[in-house]
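Asks: generate a structure from the sequence data that follows.
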Amino acid sequence: MTATHPAHHPHTAKMQWAGGLTTFSAVMLMIAGLLAVFRGIMAIAQDDVFVTTPNYVFKFDLTSWGWIHLVLGVIAVVVGVGLLQPAAWARGAGVAIAALVIIANFLSLPYYPVWSVVMIALSGFIIWALCVVRGDESTDTA
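Replies: Numbering: from 1, shown residues only. A predicted model of the protein is given here:
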């Protein structure tokens, strides 16, 4: 006598994996964005947390770095919310904003070195999670 197994769809596990990675990247992007907003507010307020480095090639005023991080953070939170609603524009925008966060943190590395490295690594994971999922897999989970 043979056992009967319910029909198992091979794509179900892939779709769950894709949905999980998309949710992971959305939550991580929102957290990274929120932390960038806080970092921007600290820089705009001229907080003493930041290191001042003389003779730095990419030297901006601390307030300028604050506004850059504040704007990137707000956009990252909005894109993260878009990723939670399976919006078509959100994956490409998520990769783009995470790349801009990496660039901004690399350029502001002397001002807050440890946190910049953490944000670069976190944004790298976000880009990986958004790129490893094919577009048709992430939209099928909704």
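
Asks: counting neighbours, what do you get for the residue nearest to Gly40 when sequence neighbours are not counted?
Replies: Nearest non-adjacent residue to Gly40, counting by CB to CB, 6 or more residues apart in numbering: Leu70, 2.9 Å away. C-beta coordinates here come from the backbone N, C-alpha and C atoms, glycine included. Leu70: 19 surrounding residues under other CB atoms under 10 Å.

Asks: against which helices or strands is the strand or helix carrying Leu70 packed?
Replies: Element membership for Leu70 (DSSP states H and E) is helix 62-84. Helices and strands touching helix 62-84, by 3 or more CB pairs under 8 Å, 6 or more residues apart in numbering; DSSP states H and E, are helix 11-44, helix 88-107.

Asks: if you set the cut-off to 10 Å instead, what comes out?
Replies: Helix 62-84 sits against helix 11-44, helix 88-107, helix 113-132, with contacts defined as 3 or more CB pairs under 10 Å, 6 or more residues apart in numbering; DSSP states H and E.

Asks: where among those helices is the average confidence lowest?
Replies: Per-stretch mean pLDDT for those is lowest at helix 11-44 (a mean of 80).

Asks: and the residue nearest the centre of the chain, how far from Thr63?
Replies: What sits nearest the mean C-alpha location of the chain, by CA atoms, centre = their mean, is Leu29, with 3.2 Å. Remark: distance between Leu29 and Thr63 (CB to CB, to the nearest Å) = 25 Å.

Asks: ok, now Leu109?
Replies: Distance, Leu109 to Thr63, by CB to CB: 18 Å.

Asks: looking at the two, which one has more neighbours?
Replies: Higher neighbour count among Leu109 and Thr63: Leu109, with 17 against 13, using other CB under 10 Å.
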